[in-house]
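S.K.: Sequence first, then the predicted structure, then my questions.
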Number of protein chains: 2
Amino acid sequence: MSASVREQAVAAKAASRVLATLPETQRNEVLEAVAATLESARDGLLSANAQDLDVARTMREAGELTAAALDRLTLDERKLNEMAAQVRSVAALPDPLGRTLDAVELDDRDPAGWGQPGAAAGLHLRKISVPLGVLGVIFEARPDAVTQIAALALKSGNAVILKAGKEVEHTAAALVTLLRDTLAVAGLPEAAVALLGGREQVAELLDAHGLVDLIIPRGSKALVDYVQANTRIPVLGHAEGVCHIYVDRAADQDLALRVIEDAKTEYPAACNAVETVLVHREVAAAFLPKLAERLRARGVALHGNDSLQGLLPDGAAANDADFHTEYGGPELSLAVVDSLDAAIDHIHTFCSSHTESILTEDAAAAERFLREVDAAGVFHNASTRFADGFRYGFGAEVGVSTSKFHARGPVGLEGLTTYKYILRGRGHVAGDYRGTADAPAARTFTHRRAGR
Amino acid sequence: MSASVREQAVAAKAASRVLATLPETQRNEVLEAVAATLESARDGLLSANAQDLDVARTMREAGELTAAALDRLTLDERKLNEMAAQVRSVAALPDPLGRTLDAVELDDRDPAGWGQPGAAAGLHLRKISVPLGVLGVIFEARPDAVTQIAALALKSGNAVILKAGKEVEHTAAALVTLLRDTLAVAGLPEAAVALLGGREQVAELLDAHGLVDLIIPRGSKALVDYVQANTRIPVLGHAEGVCHIYVDRAADQDLALRVIEDAKTEYPAACNAVETVLVHREVAAAFLPKLAERLRARGVALHGNDSLQGLLPDGAAANDADFHTEYGGPELSLAVVDSLDAAIDHIHTFCSSHTESILTEDAAAAERFLREVDAAGVFHNASTRFADGFRYGFGAEVGVSTSKFHARGPVGLEGLTTYKYILRGRGHVAGDYRGTADAPAARTFTHRRAGR
């Protein structure tokens, strides 16, 4: 990997043009071959992983790595089999390419005499899904991310330039070599999958505007912020998830306790965990003590503001809520609001436009919330934790977007595609459809839509 | 208009939340009222326009304004009626909001006992189209653009901050006042339409990240480049259109002459006019002299490179083609290529990913071109001039995008929308769908797709 990032990006762009033209069967065959090689090339992968583990164990002993992180970067036979199964499951997903997104007949006749309409005649527009081109993905120190991201890229006809966490560098290099060798055996350009070296190459990647079509930063808010501030390439990702649950005055309180417990404690580090619960004043006195008891039993620390005054047993919620904070752990902000409008205002002031949920048995209140709240996900009587590509039924999740552009919310394979318009004519020219003051146009557009 | 840009953007964001919740009928009623007022408030608008014309005529006499520009900014009764008709035609377009883009049943039962499936039971996801929020549009000096852009924004539930060309400032101010008064009469926030003053306010607009959701620069390449380089807000537009036509060895040459003449001369200033024609070497000797004759008769200057050597009568094409240039006038670059592959390579090297066309009777060559060329529009036997929202049947054109993100190619009302996911449950929590080593999950997702 001595090539510069720019050289790799140029090669990846050329490779992407080849991938874009492959039929689905051929893309799937490559993925099947990758899966088979993951199972058969086990020894080489495990010995590369052993090199990373030597360093990682030392870091663990020095307290520089958590036990969970060490576990995540450890490969074994079971994990390699899981990785192979994951690649096969990506192969089994529906083809995201070549889908007809729109079709319009502009005219049903040909300019040669404007004869009769016929099956082969006319001017026909089709909007079809195509790959983006080259993806740049910066991700955490876990070997399975390498094969999963590469599989999603290849399935969607995209080349990919990977930058893995340093702790997994030997393993990632061995996996990328496996991927490139498999591509070469299939007669495809191995430049379709590339791996960057040191962290300094990230800046070069972010500078490859015009060659790299999308950057996906997976990781900390600091990483996402850095990437967004330092590139003109579109970025798919989200810096944070400050999700809210609003307990309406007409909420079923048992339902609310269950949903909030799930949303806060099922996996507190996730971006779709709840960070703030807003409670309508009319039910605050009855509901808040029950909520505090339920959450304290699960080890959740509560933060409040002035609005809680006198509503909770002393000390259950300190007057220190920071409604901008994504706690990422067993902590929760609480506030009492006077109305549905006040709840919506609070959410619009502090939310990251990720996922917001209302708990109520009042259908009208629910509809207002769903309509008025501006976020990627708006939920009624459901946990914010459902905001996830797998749970949404997308089969795979590329990331979660809190941007309103290109893709919003959990993003599946579709997020790695764009579209192009294909127009098929028989010598049609625009001038024939433009009239003048003296002469009417030779033809008018038929503009019949074939449905989406 | 003494408010700062930021204050206007904050007010526009608040107004956009109101617009987003309006039913289609109410949005259309406002547009009908705007159209009626354009017809009835004629005198005030004409006298505002007279102030602009005083200055403009002086500029015209000093040679600082073209006759066409002066004509574009002149209002009269006929033009006001056309503007009203245009606003009514926007009202008549299909509603871009509230469309169901996807629907997935995540579960068909409720957590209260996981009883029987039923019409009202279960966990249901819907992806629906919603407005972007606040648009910032910088546009040329023409009064009709004010009402057309405002109509497109209001139809799609967006607030809009306008910056008009200086030459039309009094007219634009009168039109924006009319729009705001009409909104106020309808009980809607007049901040939904705002007008910026001087050019220095553009920089403040570009800085309103988080308040303004999309910037649409209409105008010169210099303007688009400036906007793209100076904002973190997504930009819808294109800096240039360097469109190609490739005349294959199997082209119908009469068809090719007709299509190229149309693509170059029908409206040379348009971004979808052709700038470069590539000709396969096998037909170059026969075709190029005919093409040169046809285009010279229409006053088109031809530019060539070494590849043309000996193929054209002396002087018909100078050896000075700049394949990066969008001529924007009656000029055309020519080159001879050895193959379809060479044509595609040339296009990928120089094209702006706008619109590329192949002229051929060879179906296989056409399919390869349509599949392999990476551009917003890829055409077969049709003029590049068809790349246009009206011609595509979108009803309205917001702009043309050469980005692969959010919207590509001609962009209709849909380009002013994004989507959100609405999840309706009955107390569903994610933990019920997660098994452990010891216990299976209480439920598995059904993930039934209702079709798009």
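M.R.: The structure has been received and is ready for your questions.
S.K.: ok, which residues in the stretch 101-250 of chain A are in contact with chain B?
M.R.: Residues of the stretch 101-250 of chain A lying close to chain B by C-beta under 8 Å from any C-beta of the partner chain are A:104, A:106, A:111, A:123, A:125, A:130, A:132-133, A:213-214, A:228, A:232, A:234. Glycine gets a C-beta too; all of them are placed from N, C-alpha and C.
S.K.: Tell me which entries of the residues you listed lie within helices.
M.R.: residue A:228 (DSSP state H).
S.K.: Among the residues of the stretch 101-250 of chain A next to chain B, which ones are in strands?
M.R.: When DSSP state E defines the strands, the subset of those inside them is A:104, A:106, A:123, A:125, A:130, A:214.
S.K.: re the thing from before, in the residues of the stretch 101-250 of chain A next to chain B, find the pair that's most separated.
M.R.: The largest distance within those, taken as C-beta to C-beta, falls between A:111 and A:228 and amounts to 49.1 Å.
S.K.: more crowded one of the two?
M.R.: Neighbour tally, residue A:111 and residue A:228, criterion other C-beta atoms under 10 Å in any protein chain shown: the higher count belongs to residue A:111, 21 against 17.
S.K.: need the contact list for the residue nearest to the more buried one when sequence neighbours are not counted.
M.R.: Taking C-beta to C-beta, 6 or more residues apart in numbering or on different chains as the measure, residue A:111 lies nearest to residue A:427, with 5.1 Å between them; neighbours along the chain are not counted. Residue A:427 makes contact with A:110, A:111, A:112, B:252, B:255, B:258, B:259, B:381, B:382 under the criterion C-beta atoms under 8 Å, 6 or more residues apart in numbering or on different chains.
S.K.: go on, residue A:301?
M.R.: Listed by C-beta under 8 Å, 6+ apart, the contact partners of residue A:301 are A:330, A:331, A:332.
S.K.: Quick check: it vs chain B, distance?
M.R.: Noted for residue A:301: a distance of 20 Å to chain B, by C-beta to the nearest C-beta, to the nearest Å.
S.K.: In chain A, which residue is most central in space?
M.R.: In chain A, the C-alpha closest to the average C-alpha coordinate belongs to residue A:399, at a distance of 1.7 Å (C-alpha atoms, centre = their mean).
S.K.: ok, so what distance separates residue A:66 from chain B?
M.R.: According to C-beta to the nearest C-beta, residue A:66 stands 21 Å off from chain B.
S.K.: what's the neighbour count on that residue?
M.R.: Taking other C-beta under 10 Å as the criterion, the count of residues near residue A:66 is 11.
S.K.: quick one: pLDDT of it?
M.R.: The per-residue pLDDT reported for residue A:66 equals 89.
S.K.: For the nearest residue to it once chain neighbours are set aside, what are phi and psi?
M.R.: Distances taken as C-beta to C-beta, 6+ apart place residue A:60 nearest to residue A:66, at 8.0 Å, with adjacent residues excluded. With angles defined as degrees, to the nearest 10, residue A:60 sits at phi -60, psi -40.
S.K.: For residue A:60, give me the pLDDT.
M.R.: 93.
S.K.: what residues are up against it?
M.R.: Counting by C-beta under 8 Å, 6+ apart, residue A:60 makes contact with A:66, A:67, A:70.
S.K.: Show only the entries of these found in helices.
M.R.: Per DSSP H, those map to helices at A:67, A:70.
S.K.: want to throw the contacts of residue A:60 into a markdown table with distance to residue A:167?
M.R.: As requested, the contacts of residue A:60 are arranged in a markdown table below (distance: C-beta to C-beta, whole Å):
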| residue | distance to residue A:167 |
| --- | --- |
| A:66 | 11 |
| A:67 | 14 |
| A:70 | 9 |
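S.K.: Just name the closest of the contacts of residue A:60 to residue A:29, please.
M.R.: Distances from residue A:29 to the contacts of residue A:60, taken by C-beta to C-beta, are shortest for residue A:70, at 35.5 Å.
S.K.: And for that closest one, the neighbour number?
M.R.: The local packing of residue A:70 (other C-beta under 10 Å) involves 16 other residues.
S.K.: same check, this time on residue A:315
M.R.: Residue A:315 has 8 neighbours, counted by other C-beta under 10 Å.
S.K.: Just give me the neighbour total for the nearest residue to residue A:156 once chain neighbours are set aside.
M.R.: Using C-beta to C-beta, 6+ apart and skipping residues adjacent in sequence, the residue nearest residue A:156 is residue A:416, 4.0 Å away. Residues lying near residue A:416 (other C-beta under 10 Å) number 29.
S.K.: and if you look at residue A:418?
M.R.: In terms of burial, residue A:418 registers 23 neighbours under the definition other C-beta under 10 Å.
S.K.: Residue B:405 is in contact with that one, correct?
M.R.: Yes: the pair formed by residue A:418 and residue B:405 meets the contact definition of C-beta atoms under 8 Å, at 7.1 Å.
S.K.: For residue A:94, which non-adjacent residue is closest in space?
M.R.: residue A:395 (7.7 Å).
S.K.: Distance of that neighbour relative to residue A:96?
M.R.: Residue A:395 sits at a distance of 10 Å from residue A:96 (criterion: C-beta to C-beta, to the nearest Å).
S.K.: State the helix or strand in which residue A:427 lies.
M.R.: Using DSSP states H and E, residue A:427 sits within strand A:417-428.
S.K.: what is the mean pLDDT for that strand?
M.R.: Within the predicted structure, the mean pLDDT of strand A:417-428 is 94.
S.K.: ditto for stretch A:380-397
M.R.: On average, the pLDDT along stretch A:380-397 is 90.
S.K.: buried ones in it?
M.R.: Burial within stretch A:380-397, assessed by neighbour count using 16 or more other C-beta atoms under 10 Å in any protein chain shown, is assigned to A:380-389, A:391-397.
S.K.: So for that stretch, first residue to last residue, what's the gap.
M.R.: One end of stretch A:380-397 to the other measures 23 Å (C-alpha to C-alpha, to the nearest Å).
S.K.: so how far is that stretch off the chain centroid?
M.R.: Here stretch A:380-397 shows a centroid-to-chain-centroid distance of 12 Å under the convention C-alpha atoms, centre = their mean, to the nearest Å.
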